[in-house]
Structure formats: C-alpha cells, structure tokens
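**Q** predicted coordinates and the sequence they were generated for:
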Amino acid sequence: MTRLNLLRGVVALCLAAAGAAQAQYTATPADWACTNKVGGTWTHGRAPSPCDASAFGPDSFVRGNYGGVIFNDAAASATTERQRYMQAMYPVIRDASERYLRSRKPDVSTRELEAFQRGTFATLRQETFWSHYRDAQTATGQPWMLKMMRGDSGHGHGMMQVDDRYHFTQLQQGTGWNMMQNFTYAIDIYYDAWQAAPAACLAGVTTPTGTAAEVDEYWRSRARSAWSAYNGGPTKVCRWQNPADANVAKDNGYRDNYDARLWLTDVADTATAAGIDVACLMDNGPQCPVPTGGAVEPGKLLQVGAAACVLNGSTLECVDDVRDAACLAIRAPFEEGSIVPTYVAQTTGYARIDHNRHQLCRAGVVGLQSLASAIATQQPLDLRSAPDGMVLGQAPAGTYQVLDFMVSSAQQQKRLYRIRATLNGTLTDGWIDGGDGSNHATRAIGAAPTGAGAIAYPGDWVKVVPNLNTRATPGGTLLITIPAGTVVQVKEVFGTASANNLYYRVDYLHSDGVLREGWIFAGNLYPASTLANWAVPTAAPSAARHAICPNGTRYDHHLRQCMSASQTYGPFTASTTQACVDAGGGAVCTASRPTVVEGVAVTLPIWSKAQAAAATGNGDCPRGAARSATHRFHCTETVVRNGVAETDVYGPFGTTLANACLARSGNAAYCRTNRWPAATFLAVQP
C-alpha cells in the first residue's frame with residue numbers, strides 16, 4: 001500500500017505521496033468524469049452529490065459484489081431504507097477496520113481496536129454520512145441508475161473522498177469507485193495520523209493507563225488528533241485543540257460524532273455478519289466475482305486474491321504477496337512471465353498451504369541471507385529507491401543489515417536486499433543487487449554484525465515500550481505480559497508475512513520468580529517501520545550472552561551455529577552429519593574434538609566453514625530439523641538412540657537458560673552447547 005500524507009479541502013481527500021516526492025498534481029475540472037449528477041440529503045447513505053458509477057467500472061461488478069450495501073432511493077420508506085442500509089454497512093466497516101488494524105499491528109489490544117474502529121466510524125460519518133453507492137434518478141420519470149458518492153465539486157470520490165487532483169491515476173484504476181479499495185486506500189492516512197499523534201496533542205499522556213475515564217480520554221484524544229491530521233494535513237494533528245482555528249466547527253463535529261456514536265442511530269444489531277466478502281474486496285477487488293466455470297491450472301503461476309500460488313499435486317501452495325512468487329519454484333515448477341487470475345471459488349476442493357516468505361525463500365535460494373542478518377558487500381553497489389527504482393548513489397563496500405529481500409526469476413534466483421547506507425552524509429534506505437545463483441558470493445555474503453542495526457541483532461538489549469505479551473510462538477499462545485519499560489535481551493529475530501512483521505525471542509524473569517522464554521512482537525517494517533512503538537535499543541544491564549559458544553567464537557544468527565574465523569562448531573543434526581559423510585568429509589564428520597566453553601572443557605564436532613555450510617542446508621532450521629510449537633518455536637529433530645526415539649532441541653539458549661539447566665542437571669555438558677534433550681529444555685520452561 002502506498003505511503004501517503006494527507007492534504008484536505010473542505011470535504012474531499014487530497015492525498016499526496018509521503019516524503020520528498022509529492023504526488024503529481026492534475027488540474028482536473030470540477031465534476032471531472034461526473035455524469036448524471038444527482039442531489040441528496042445529509043443522512044446516512046444519501047449524501048450529495050453522486051454521479052454515474054459506470055464512469056469507473058462496470059455496474060455488474062458492483063451489483064455482484066456490493067448488492068446489499070447500495071442505497072435504494074426507490075424504496076417506499078426512506079427511513080426504513082436508511083436503517084436497512086446502515087445495518088448492512090456497519091458490519092462491513094467493522095470488519096474492514098479490524099482487518100486493516102490487525103494487519104498493521106498484529107498484537108493490537110482490544111481497547112485500541114475498539115477506539116480505532118470508533119474513530120473510523122466517526123470519520124465516515126463526518127466525511128460522507130457513510131455514503132458510497134446509491135440507486136437514484138436524475139429526475140422523476142427518468143431511469144434508475146447506479147451512482148457513486150462525489151463531493152467537493154466532484155473532486156472527492158467515494159465514502160473516503162479521495163481527491164482526483166492528487167490521485168488521478170489511482171482513481172482512473174478504480175480506487176474511488178470500488179468501495180473497499182476506496183476504504184483501504186484512504187484508511188492508511190488515518191492510521192498514520194493515529195500513530196503519529198504526539199504527546200502535545202494528548203495532554204502529555206503517552207500511554208493508555210490510569211482510571212477508565214483517563215484511558216477513554218487518551219483514546220478519544222488520539223482519535224481527534226488523527227482526524228484533524230486526516231482533514232487538515234500532517235501539520236494539523238493538534239488542530240482540534242485550537243478553538244480559534246477556522247476549522248473548529250469540523251473538529252467539533254467530529255468530536256460529537258465520536259462521543260455520541262451517531263451512526264448507531266440507524267444500526268439495530270452491531271454483531272451481525274457482513275453480507276459481502278470484505279477480505280477479498282479489500283485485497284484484490286476485481287478478482288472477487290464468482291466465476292461460472294474455469295479450473296485451477298497446474299504449471300501456472302496463479303493469483304488468488306493478493307496471494308501468489310502454484311498447484312503442487314492436489315495442494316495449492318501460496319505466499320501472501322506476488323512479489324515472492326519466484327520462491328514458489330521450490331514447491332512446484334511453473335511458467336514464468338505471466339500470472340493467471342484465479343478466483344477463490346475455483347480453489348474449493350484443494351488443500352492449501354500458506355508459506356511464510358522468510359522460510360520459503362531461504363529454503364529455495366542458496367545463499368539468500370535472512371531478514372535482520374548482516375551481509376558484507378564485496379564491492380560498491382548501486383543503491384536504488386526501489387527494487388527497480390532510480391539510483392540514489394553508491395553504497396560503499398561494507399557491512400549492512402538486511403532490512404528486506406526480494407527474489408526475482410525462479411531460474412536465475414536474482415536476489416535484492418534492502419539496506420541502510422550513508423550517502424553524502426545521510427543514512428538512506430534503498431535496494432542493492434545481491435547477485436544471482438551464479439555470482440551472489442562475489443556481491444554480498446553473510447557476515448558478523450558491526451555496530452547497531454535498524455532491527456535489533458541477537459544479543460542486543462531492548463526496552464519494551466508498552467506492556468507486551470510474551471507468547472510461546474510468534475503470534476501464538478499467550479504466556480505472560482512484560483511490563484512497559486522492562487529491559488530484555490534479544491536472542492533471536494523472526495519475520496512473518498510480506499509486511500515483515502518482526503518478533504523477538506527473549507527471556508523474562510517474572511515477579512513470580514519464574515523464568516520464561518518466549519516471543520514478543522517488535523513491530524513491522526512496511527508500509528513504514530513501527531519498531532520504535534514496541535521495543536527500543538538500550539544499554540546492556542549485564543554481561544549475559546544470548547547464546548553459549550566456545551571461547552573465541554560467535555553465534556551466527558543466520559546459520560544458527562557457533563563460528564570462528566575459519567571453523568564451525570557443532571552439535572550438528574543427524575541429517576547434517578550424514579550429508580557431511582555423503583560429501584566425502586570422512587572421519588571429521590563424526591569425530592568430536594576438545595574445546596572450551598566458558599572455562600569448561602567439552603568436546604564438539606568442529607568442521608570447516610565451507611563443509612558445515614554445505615551440509616547444514618539452506619533452511620530456517622538445520623537439515624533434518626524443523627520449528628516446533630511445543631518447544632517455544634525452537635528447531636528440533638527426532639533421533640533414535642539405543643532403539644528409542646528422542647527429541648533434541650537446538651538453541652540459542654543463552655546464559656540465563658544455561659544457568660537454569662546447570663542448576664537442574666549439574667555439570668551436564670549439553671547445558672553449555674546448543675543442543676539439549678527435549679526433556680531438559682521443557683523442564684526449565686513453565
């Protein structure tokens with residue numbers, strides 16, 4: 001979704017691109033592409049002055065997908081029709097606003113969600129009285145025609161009033177006409193302002209704490225600030241606090257809508273289900289009509305909603321964004337160069353697997369470096385504004401953190417990395433070409449971190465900003481809440497989805513005296529970084545280590561092993577060991593050699609780096625191991641010892657867990673390594 005700022009007219013939304021590059025202004029005339037304009041009333045569903053919807057898309061699409069949320073002027077009773085319309089619209093906006101906010105803040109609290117939805121409802125009433133589609137006549141005796149909401153002399157389009165002078169291209173593509181695309185395109189602006197509201201606008205209150213009344217006032221102030229910026233532009237976020245401002249009546253009108261929930265006057269049941277496919281229409285509206293025929297084609301790249309999929313036997317395997325389609329080649333071959341739109345209705349009867357892009361791409365692209373890991377560029381590389389964007393300058397050869405990646409061409413496996421480099425004295429985010437399957441090692445390779453990263457590196461310490469839930473897996477079962485301001489050490493970083501939602505593995509000693517390891521949400525990187533809202537860097541309060549390694553080595557986050565300048569240290573999985581043997585590694589594959597871990601002599605297998613990298617494989621876990629929800633999302637493998645199947649758990653474990661292991665089992669050698677018996681691991685997890 002495009003990142004946007006907001007410039008507002010009297011009614012219409014004048015959206016402009018964020019940052020230095022502003023959206024191009026198009027001098028459209030009043031009522032551009034507005035035919036057969038009709039009037040209306042300032043009541044729900046009938047705001048003036050809509051025009052023919054067919055100027056921007058087929059009426060058949062609207063009637064096929066939005067039939068229940070079209071206001072019908074021909075109804076015998078305007079009051080009854082208004083109530084019917086709002087009863088149909090309310091669950092649509094309820095579900096759309098929740099889906100949007102959860103996509104931006106997966107760990108959003110129930111209280112914030114309620115306030116955000118309330119602010120959204122108030123915005124819709126203030127802008128257009130929830131008006132979008134309407135069947136109306138230009139005059140008595142004339143035919144009934146499907147209309148779409150227009151405002152501000154026709155410049156504002158749809159219920160969110162997207163302005164054609166600033167978003168001409170998007171409106172030509174149907175952003176104003178398609179109701180859920182209209183909502184999705186514009187609610188991003190309200191959300192930006194919601195997030196950006198400074199303490200000065202919130203009476204100095206920075207967290208929603210205190211009495212129930214104080215918490216209510218905090219969210220009310222945030223909503224009012226968001227709407228002031230939505231209506232007046234980002235510099236007007238505190239406008240509502242100025243009674244002398246020329247727009248005070250608008251701000252007070254929004255306040256009244258928010259306080260009295262005036263939209264509910266025509267809604268009898270707030271729990272009823274939506275009558276349209278909200279998710280499909282938000283993601284990719286033109287693909288939503290149910291087809292009359294057709295089939296899922298093997299050997300083709302398929303677009304199902306916003307996802308890219310391939311058919312693997314009788315299973316549909318997907319990633320959530322088309323940009324990661326090349327990574328699906330590891331699951332099933334497909335023709336490159338085209339994508340076949342496929343309706344959800346056509347996929348009925350197929351099993352479906354939705355892959356995490358971070359795990360899928362890494363497993364299929366040899367040498368691809370993972371999100372939040374460090375890379376060393378082997379030569380100066382062009383830094384581009386986007387994967388195929390303009391060259392901003394050259395990023396000098398050096399060490400950088402991977403802030404995102406992209407793979408293009410299933411055959412060539414060309415990989416691009418988003419990094420932060422210094423250009424002309426300014427830190428600049430951009431994309432570099434990391435090479436393809438044949439030359440990537442000459443352009444960008446894995447490296448040890450140097451300095452701080454935009455994302456915390458494993459071993460860094462962070463202070464949590466709000467109260468944060470600790471979960472057994474990223475986004476999984478709740479374990480306990482870590483209070484705001486608590487300092488914790490990051491042991492591992494895990495990314496999900498195309499938005500790069502981030503989770504940190506941490507240890508936390510609760511006030512009940514029980515040590516818990518789990519995952520906290522750390523924010524997302526797209527459409528813009530929210531990391532500072534969740535956990536921020538802080539000084540190390542102790543010398544605790546996030547992983548236990550032999551003297552003179554470091555734990556590599558990407559490869560999940562302890563490494564020196566030339567060697568990699570086990571323990572290795574059984575499958576990795578067998579791969580080493582099969583590659584002709586000889587006795588070194590199975591031998592253990594003496595080393596020292598934290599002053600204690602132990603024996604471990606020690607291989608060359610190249611030997612270990614080839615045998616370990618490309619996966620998120622070492623060869624033969626997989627993430628386990630039962631074991632706090634650590635990598636585990638099942639092995640047979642003395643005829644008995646046993647489960648081993650792989651680290652990183654860190655100082656705190658290692659001490660707990662030693663306290664429980666004495667001087668067991670495995671407590672100082674990165675592989676423990678599952679029974680021992682679970683015994684130190686409450």
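**A** Sure thing, it's come through. Bear in mind the structure is a predicted one, so any value in this text is a computation, not a measurement. Numbers count the residues shown, from 1 in each chain.

**Q** for the closest residue to Val536 other than its chain neighbours, give me its contacts.
**A** Nearest residue to Val536, sequence neighbours excluded (CB to CB, 6 or more residues apart in numbering): Lys463, at 5.6 Å. For every residue, glycine as well, the C-beta is placed using N, CA and C. Residues in contact with Lys463 (CB atoms under 8 Å, 6 or more residues apart in numbering) are Gly485, Thr486, Val487, Ala535, Val536, Pro537, Thr538.

**Q** buried ones only from those residues, please, as a ChimeraX command.
**A** The buried residues among the contacts of Lys463 can be selected in ChimeraX (16 or more other CB atoms under 10 Å) with this line:
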select :486,487,535,537
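
**Q** closest to Thr577 out of the contacts of Lys463?
**A** Taking CB to CB as the measure, Thr577 sits nearest to Ala535 out of those, at 37.2 Å.

**Q** list the beta-bridge partners for that closest one.
**A** On the basis of DSSP bridges, Ala535 is bridged to Val464.

**Q** how much space between it and Glu297?
**A** 45 Å (CB to CB, to the nearest Å).

**Q** all helices for the stretch 501-650 of the chain, in order.
**A** 574-582, 609-616 (DSSP state H, counting those that start in this stretch).

**Q** for the chain, same thing?
**A** Remark: helices assigned in the chain by DSSP state H are 59-65, 78-104, 110-128, 168-172, 179-196, 212-232, 248-260, 278-284, 357-364, 574-582, 609-616, 654-665, 678-683.

**Q** out of those, which is closest to Val319?
**A** Of all the helices of the chain, it is helix 357-364 that lies closest to Val319, at 5.2 Å by CB to CB.

**Q** what about the stretch 451-600 of the chain, any weak spots by pLDDT?
**A** For the stretch 451-600 of the chain, the stretches with pLDDT under 70 are 527.

**Q** tell me the confidence at the residue of the chain positioned farthest from its centre?
**A** Distance to the chain centre peaks in the chain at Gly141, reaching 51.2 Å (criterion: CA atoms, centre = their mean). According to the prediction, Gly141 has pLDDT 87.

**Q** middle-most residue in the protein, spatially?
**A** Ala499 (2.9 Å).

**Q** what are the buried residues along stretch 349-366?
**A** Residues His355, Asn356, Arg357, His358, Gln359, Leu360, Cys361, Arg362, Ala363, Gly364, Val365 are the ones in stretch 349-366 that count as buried (16+ other CB under 10 Å).

**Q** so which two of these are the farthest from each other?
**A** Asn356 and Val365, at 14.3 Å, using CB to CB across those.

**Q** enumerate every residue touching the residue nearest to Arg104 when sequence neighbours are not counted.
**A** Leaving aside its sequence neighbours, Arg104 sits nearest to Tyr191 (CB to CB, 6+ apart; 6.2 Å). Tyr191 makes contact with Tyr100, Leu101, Arg104, Phe116, Ala226, according to CB under 8 Å, 6+ apart.

**Q** same check, this time on Gln117
**A** By CB under 8 Å, 6+ apart, the contact set of Gln117 is Ile93, Arg94, Ser97, Glu98, Leu101.

**Q** do Leu302 as well
**A** Val296, Ala308, Cys309, Val310, Leu311, Leu316, Ile339, Val340, Pro341, Thr342.

**Q** out of the residues you listed, which is nearest to Ser575?
**A** Val310 (26.1 Å).

**Q** okay but Arg675 is in contact with Glu646, surely?
**A** No: here Arg675 does not reach Glu646: they are 11.4 Å apart, not a contact under CB atoms under 8 Å.

**Q** please report how far Leu262 lies from Thr377.
**A** As judged by CB to CB, Leu262 and Thr377 stand 57 Å apart.

**Q** which one's more surrounded, these two?
**A** Between Leu262 and Thr377, counting by other CB atoms under 10 Å, Thr377 is the more crowded of the two (21 against 17).

**Q** name whatever forms a beta bridge with the more buried one.
**A** Under the criterion DSSP bridges, Thr377 forms beta bridges with Ala444.

**Q** quick one: residues contacting it.
**A** Taking CB under 8 Å, 6+ apart, one finds Ala395, Pro396, Ala397, Gly398, Thr399, Tyr400, Ile432, Arg443, Ala444 in contact with Thr377.

**Q** in ChimeraX, how would I select just the buried ones from the residues you listed?
**A** In ChimeraX syntax, the buried subset of these is picked out as below (16+ other CB under 10 Å):
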select :395,400,432,443,444
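
**Q** hang on, the earlier thing: compare Arg675 and Glu646 and say which is more crowded by neighbours.
**A** Neighbours were counted for Arg675 and for Glu646 using other CB under 10 Å; Arg675 has more, 21 against 13.

**Q** how much space separates the closest residue to Ala325 other than its chain neighbours from Met406?
**A** Distances taken as CB to CB, 6+ apart place Ala308 nearest to Ala325, at 3.9 Å, with adjacent residues excluded. Distance, Ala308 to Met406, using CB to CB: 13 Å.

**Q** next, count neighbours for Asn618.
**A** Here the number of neighbours of Asn618 (other CB under 10 Å) works out to 15.

**Q** Asn182 now?
**A** Using other CB under 10 Å, Asn182 is surrounded by 26 other residues.

**Q** ok, of the buried residues of stretch 349-366, which one's closest to Gly151?
**A** Closest approach between those and Gly151, by CB to CB: Arg357, at 39.6 Å.

**Q** just the pLDDT at that closest one, thanks.
**A** For Arg357, the pLDDT comes out at 94.

**Q** now swap in the one 4 residues further on and tell me
**A** At Cys361, the pLDDT value in this model is 95.

**Q** pretty sure it sits against Ala325.
**A** No: applying CB under 8 Å as the test, Cys361 and Ala325 come out as separate, 10.5 Å apart.
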